[in-house]
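**Student:** This is a predicted model, with the sequence first.
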Amino acid sequence: MSVKNSQDATASQFPFFRRPGGCFSLMQSDNPREIKTNITPNYKKNQVECYPTQSTNRGTALVINNIQFHNPRYFRSGAKKDEDDLNRVLTKIGFKVKIYRDQKSNDLIKTLKKYSKAILGDICMVIVMSHGTNDGLPGGYTEVLCSDGKKISTDTVVDHFDESRNECLKGKPKIFIFQCCRSNTQVDAALIKGNPTSKSNTLIAYSTIPGFSSHRDPKNGSRYIQTLCEVLDKYAHAYHMEDLLKIVGSELIEMNDDSHKQVSCYENRGFCKKCYLNPMKN
């Protein structure tokens with residue numbers, strides 16, 4: 001430490017002596033003492049690669065928004081605002097947004113099959129907003145409710161984009177976002193078999209953790225989707241997708257109060273590179 005002026009710390013304020021092995025201990029002294037420390041070796045350059053996401057075709061974002069159901073009491077008030085805000089922010093980033101509303105179970109399967117075979121851009125993004133259930137146990141499966149009252153597991157949605165199904169999906173970042181409750185209701189879902197490597201490059205985000213509800217305001221939309229839109233608006237140009245989800249999670253925790261508590265989560269399945277959304281110039 002060099003002493004430049006009287007406002008800087010003086011050497012006598014740091015009366016250390018060096019012990020063998022590099023440790024320091026306090027020793028009273030009026031004489032300035034040169035302090036030497038072991039220098040940290042140069043760190044290796046960041047070895048985490050980035051997905052190529054800078055072409056003129058960012059990709060298509062598929063948005064499934066189930067608002068009305070066979071049972072009127074399941075109506076998801078506020079969900080239209082989530083849809084509108086997602087459409088705005090994703091379009092601003094450069095995605096072509098395709099919105100499907102109130103999908104029956106058969107319709108949803110057809111939509112997923114159709115979209116999974118037409119992935120031409122940099123990023124595959126699928127967002128599903130609906131009611132949901134989960135058994136609340138570790139490894140428990142989450143199911144989303146379709147407009148006809150039938151349920152489809154989130155893993156069934158993800159499995160339609162398995163790299164073994166379509167050559168154009170190989171090596172491409174696949175991002176899934178599920179806005180749904182994961183409360184304590186038994187579900188019946190079979191394990192998905194196959195080559196685990198074909199399920200790589202996949203990032204799955206949930207608005208809440210297993211066993212808990214996901215809060216939605218009748219006027220302002222769901223807490224998670226609204227926070228996600230705000231974070232994408234502010235930071236999509238600077239941070240990669242996993243960091244963006246961490247910011248969303250942090251913001252959700254900051255918003256917690258006695259009446260509404262929510263913790264989001266995400267799952268990384270061989271998503272080994274950084275995925276920058278790289279908003280395109282308007």
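**Tutor:** Perfect, I can see it now.
**Student:** Need phi/psi at Leu90.
**Tutor:** phi -70, psi -40 (degrees, to the nearest 10).
**Student:** That one contacts Ala61, correct?
**Tutor:** Yes: here Leu90 reaches Ala61: they are 4.7 Å apart, a contact under Cβ atoms under 8 Å. C-beta here means a position set from N, CA and C on the backbone, and glycine is covered the same way.
**Student:** What does the pLDDT read for the residue positioned nearest the centre of the chain?
**Tutor:** Nearest residue to the geometric centre of the chain (Cα atoms, centre = their mean): Leu245, 3.6 Å. Looking at Leu245, its pLDDT is 98.
**Student:** my guess is it meets Phe271, correct?
**Tutor:** No: Leu245 is beyond contact range of Phe271, at 10.9 Å (criterion: Cβ under 8 Å).
**Student:** how much space between the residue found closest to Met255 once you drop the neighbours it is linked to in the chain and Glu230?
**Tutor:** In space, Met255 comes closest to Arg223 once its chain neighbours are excluded; the distance is 6.6 Å by Cβ to Cβ, 6 or more residues apart in numbering. Separation of Arg223 from Glu230 (Cβ to Cβ, to the nearest Å): 11 Å.
**Student:** if you count what's nearby, which of these two comes out ahead?
**Tutor:** Neighbour count, other Cβ atoms under 10 Å: between Arg223 and Glu230, Arg223 has more, with 22 against 15.
**Student:** Now do the same contact list for the more buried one.
**Tutor:** Applying Cβ atoms under 8 Å, 6 or more residues apart in numbering to Arg223 gives the contacts Ser207, Ser214, His215, Arg216, Asp217, Leu252, Met255, His260, Gln262.
**Student:** Filter the residues you listed down to just the ones in strands.
**Tutor:** Per DSSP state E, strands hold the following members of these: Arg216, Asp217.
**Student:** Of all the contacts of Arg223, the one with the weakest confidence?
**Tutor:** For these, the least confident entry is His260, with 78.
**Student:** can you give me the helices for the stretch 1-150 of the chain?
**Tutor:** Under the criterion DSSP state H, counting those that start in this stretch, the stretch 1-150 of the chain contains helices at 79-93, 105-116.
**Student:** Point out where the chain drops to low pLDDT.
**Tutor:** In the predicted model of the chain, residues 1-46, 135-140, 184-195, 258, 281-282 satisfy pLDDT under 70.
**Student:** those strands in it, which residues are they?
**Tutor:** Using DSSP E, strands in the chain cover 16-18, 24-26, 60-65, 96-101, 124-129, 132-134, 142-145, 151-153, 174-179, 183-184, 202-206, 216-217, 221-222, 265-269.
**Student:** one step back: what touches both of Leu245 and Phe271?
**Tutor:** With Cβ under 8 Å, 6+ apart as the test, Leu245 and Phe271 both reach Leu203.
**Student:** my guess is Ile123 contacts Leu169, does it?
**Tutor:** No: judged on Cβ under 8 Å, Ile123 makes no contact with Leu169 at a distance of 11.3 Å.
**Student:** related to what we said a few turns ago, so which of the helices of the stretch 1-150 of the chain is the most surrounded?
**Tutor:** Of the helices of the stretch 1-150 of the chain, the one with the most neighbours on average (mean count of other Cβ atoms under 10 Å) is helix 79-93, at a mean of 19.
**Student:** how many degrees apart are that one and strand 174-179 in direction?
**Tutor:** Interaxial angle, helix 79-93 versus strand 174-179 (axes from the mean of the first three to the mean of the last three Cα atoms, to 10 degrees): 150 degrees.
**Student:** what's the neighbour count on His237?
**Tutor:** Counted with other Cβ under 10 Å, the neighbours of His237 add up to 12.
**Student:** show me what contacts Ile109?
**Tutor:** Residues near Ile109 by Cβ under 8 Å, 6+ apart: Ile152, His160.
**Student:** ok, so what distance separates it from Lys150?
**Tutor:** For Ile109, the distance to Lys150 - Cβ to Cβ - is 10 Å.
**Student:** same check, this time on Arg216
**Tutor:** From Arg216 to Lys150 the distance is 21 Å (Cβ to Cβ).
**Student:** closest to Lys113 out of the strands of the chain?
**Tutor:** Nearest to Lys113 among those is strand 60-65 (11.7 Å), distances taken as Cβ to Cβ.
**Student:** Check which helices and strands the closest one sits against.
**Tutor:** Helices and strands touching strand 60-65, by 3 or more Cβ pairs under 8 Å, 6 or more residues apart in numbering; DSSP states H and E, are helix 79-93, strand 96-101, helix 105-116, strand 124-129.
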